[in-house]
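Student: Compute the structure for the input listed below.
(one chain, ligands or ions: 1)
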Amino acid sequence: MGALTELDDRAIDALHEQAAISYGTFKKREVRLNMARGKPALGQLDLVERLLDLPGRGNHVAHDGTDCRNYGGMEGLAEARALYARLIGARPENTMVGGNSSLALMHDNIVYSMLKGNPSSPLPWNRAGRIRFLCPTPGYDYHFNMTEEYGIQMISVPLGEDGPDMDRVEALVAEDAAIKGMWCVPKYSNPTGAVYSDAVIERLARMPAAAPDFRIFWDNAYIMHHLTEERIETANLLTACERAGNPDRALMFMSTSKITFPGAGLAVFASSETNMRWFLASASRRSIGPDKINQLRHMCALPDESALYALMDQYRAIIAPKFDAVYGTFDRLLGDPRVATWTRPKGGYFISLYADGCARRTVELAGEAGIALTPTGAAFPYRNDPDDRHIRVAPTTLSADEVGLAAEGIALAVRLAASEREKARRSLRV
Ligand code: PMP
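Tutor: Sure, this is the predicted structure:
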């Protein structure tokens, strides 16, 4: 399987001509498909439709006697805290279940830190001069947009298959006291599917930090979202940080947005006792308590790990064939000659497609052929993909047939964009 650059000029011309014809034919099919975001498919939502009938009239009391109809219980229902603490690997007393969005909990951690400082801060972050966050890239656009919103400077560090480039991370965090935080999606990352290795997690926990109030935002959004039979487990950052003498470094998040209903699930935050006390004190200035009825609803429908795993297995049966449809099409159309490369994640919601130097043009061509993709650059701070190469593919929402069709349109767009680019490169050379 040769790369495009290894083909002779005639072969490139032929490829380009044929790519233009295939793309033109595809365009005439007037496909309209949206692959821009990784939402669950309707068939997944139907599997949890029963939640809409729960907890049911007359059923409003939690295990410990809490009447869920009334105010209070900022940290969440005890049974929900216990279950999600086990999943995330934290102590129940240091775990809160609150609200419907883990992003909102990350946001509040940032805003409280900006306005008041976290428990280790010499000064509130907004009075500490310019502050910075490390951003493993490709990464999650909502993270980057959030830090950008508050004027936090973002520093990209390359994300490999087993986590960020730790030599760079360690050097930066040790030297620069302005680095107050770091975004991490440790398992089946959005968008590459990377899984942080135990060695990387240990280094994150141990590394010396110039800023005493440095925090790792550990967003375990895909903690149970396996795509193969292997249920990958990652090392526990919270206990690694405790062992390393940095007990307040880890802020861990997850939610059931892609387990039950996005926008109507449960969000979870766990950290050290000190951080939880600090967070809950501020949170209790913001609200009198969470939606305990939704927590009860979730506990009725999915009371334990085995219920959650059984549901996630059903989702896998729906989702995995869609990923396979993408691989099959990409292998066929992009494998020989090798026009692009892509990840084959073992979990999560996304595939990263790499089309060196022509991602922007590919997304444009795909859009003109009726396939909406995440805008290029979204996976990078300031929307700047320095090599113009990353494209996020989100197979979950469409049906398997539609995914195959969308993948074909994307692949044809890559072939056209890459051959165009290669021709242009050669014409500049002479
Ligand atoms: N983090 C990551 C990495 C995600 O991919 C998503 C969903 N796209 C979220 C957070 C959103 O989480 P929530 O719905 O809990 O706010």
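Student: if you skip the residues just before and after it, what's nearest to Leu7?
Tutor: Nearest residue to Leu7 in three dimensions, chain neighbours excluded: Pro337, at 5.9 Å (C-beta to C-beta, 6 or more residues apart in numbering). From N, CA and C alone the C-beta is placed, and that goes for glycine too.
Student: The closest residue to Phe350 other than its chain neighbours: how many residues sit nearby?
Tutor: Computed as C-beta to C-beta, 6+ apart, the closest residue to Phe350 that is not its neighbour in sequence is Pro191, at 4.0 Å. Using other C-beta atoms under 10 Å, Pro191 has 29 neighbouring residues.
Student: hmm, back to that, Ile12 is in contact with the residue nearest to Leu7, correct?
Tutor: No. Counting by C-beta atoms under 8 Å, Pro337 sits too far from Ile12 to count as a contact (9.3 Å).
Student: What residues does the protein have near the ligand?
Tutor: Residues of the chain found near the ligand (C-beta under 6 Å from any ligand atom) are 38, 101-103, 140, 185, 190, 219, 221, 255, 257, 262, 267.
Student: try it again with 5 Å
Tutor: 101-103, 140, 185, 190, 219, 221, 255, 257 (C-beta under 5 Å from any ligand atom).
Student: Could you tell me which of those are located in strands?
Tutor: When DSSP state E defines the strands, the subset of the residues of the chain next to the ligand inside them is 219, 255.
Student: Touching both of Pro337 and Ile12, which residues are there?
Tutor: Here Pro337 and Ile12 have Leu4 as joint contacts, going by C-beta atoms under 8 Å, 6 or more residues apart in numbering.
Student: Can I have the buried ones of the residues of the chain next to the ligand as a PyMOL selection?
Tutor: Restricted to buried positions by 16 or more other C-beta atoms under 10 Å, the PyMOL selection for those reads:
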select buried, resi 101+102+103+140+185+190+219+221+255+257
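Student: would you turn the residues of the chain next to the ligand into CSV with pLDDT and distance to Thr239?
Tutor: Formatted as CSV, the residues of the chain next to the ligand follow (pLDDT from 0 to 100; distance: C-beta to C-beta, whole Å):
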residue, pLDDT, distance to Thr239
Ser101, 98, 26
Ser102, 98, 20
Leu103, 98, 25
Tyr140, 97, 25
Val185, 98, 19
Asn190, 96, 24
Asp219, 98, 18
Ala221, 98, 20
Ser255, 98, 22
Ser257, 98, 25
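Student: for Arg316, phi and psi?
Tutor: phi -60, psi -40 (degrees, to the nearest 10).
Student: from what I can see it touches Glu230, true?
Tutor: No. Taking contacts as C-beta under 8 Å, Arg316 lies outside contact range of Glu230: 11.1 Å.
Student: higher neighbour count, those two?
Tutor: Taking neighbours as other C-beta under 10 Å, Arg316 and Glu230 compare with Arg316 leading, 18 against 9.
Student: For the more buried one, give its distance to the ligand.
Tutor: Distance of Arg316 to the ligand, computed by C-beta to the nearest ligand atom, to the nearest Å: 17 Å.
Student: residues in contact with that residue?
Tutor: Going by C-beta under 8 Å, 6+ apart, Arg316 touches 226-227.
Student: pLDDT at it, what is it?
Tutor: For Arg316, the pLDDT comes out at 98.
Student: any idea how far it lies from Gln44?
Tutor: Applying C-beta to C-beta, to the nearest Å, the value for Arg316 to Gln44 is 10 Å.
Student: swap in Lys423?
Tutor: Lys423 is 43 Å from Gln44, by C-beta to C-beta.
Student: Between those two, point out the one with more neighbours.
Tutor: In terms of neighbours (other C-beta under 10 Å), Gln44 is the more surrounded of Lys423 and Gln44; the figures are 20 against 15.
Student: helix or strand for the more buried one, which one?
Tutor: According to DSSP states H and E, Gln44 maps onto helix 42-47.
Student: For that helix, list every residue counted as buried.
Tutor: For helix 42-47, burial by neighbour count (16+ other C-beta under 10 Å) applies to Gln44.
Student: after it comes which helix or strand?
Tutor: Taking DSSP H and E, what comes next after helix 42-47 is helix 78-88.
Student: Can you give the distance from that following helix to the centre of its chain?
Tutor: The chain centre lies 21 Å from the centre of helix 78-88; the measure is C-alpha atoms, centre = their mean, to the nearest Å.
Student: Now do that helix, average pLDDT.
Tutor: Mean predicted confidence for helix 78-88 is 98.
Student: And the contacts of it?
Tutor: Looking at what lies outside helix 78-88 - C-beta under 8 Å, 6+ apart - the contacts are 62-64, 66, 75, 91-97, 220, 223-224, 252, 254, 266, 268, 270, 295, 298-299, 303-305, 308.
Student: From those, which land in helices?
Tutor: 295, 298-299, 305, 308 (DSSP state H).
Student: separation between Leu54 and Asn126?
Tutor: Leu54 is 42 Å from Asn126, where distance means C-beta to C-beta.
Student: Can you show me the strands along the stretch 101-250 of the chain?
Tutor: Applying DSSP state E, counting those that start in this stretch to the stretch 101-250 of the chain gives strands spanning 132-137, 153-160, 163-164, 179-184, 215-219, 250-255.
Student: distance between the ends of stretch 202-219?
Tutor: Stretch 202-219 has an end-to-end distance of 17 Å (C-alpha to C-alpha, to the nearest Å).
Student: actually stretch 167-186, not the one I wrote
Tutor: One end of stretch 167-186 sits 17 Å from the other (C-alpha to C-alpha).
Student: from the middle of its chain, how far away would it be?
Tutor: On C-alpha atoms, centre = their mean, the centre of stretch 167-186 falls 19 Å from the chain's centre.
Student: What of stretch 402-422?
Tutor: For stretch 402-422, the separation from the chain centroid amounts to 24 Å (computed by C-alpha atoms, centre = their mean).
Student: Point to the residue nearest the middle of the protein.
Tutor: Geometric centre of the chain, nearest residue: Asn190, 3.1 Å, by C-alpha atoms, centre = their mean.
Student: Give me the distance between the closest residue to that residue other than its chain neighbours and Ala194.
Tutor: Counting by C-beta to C-beta, 6+ apart, Tyr140 is the residue found nearest to Asn190 once chain neighbours are left out, at 4.5 Å. Distance, Tyr140 to Ala194, by C-beta to C-beta: 12 Å.
Student: Appreciated, that's everything.
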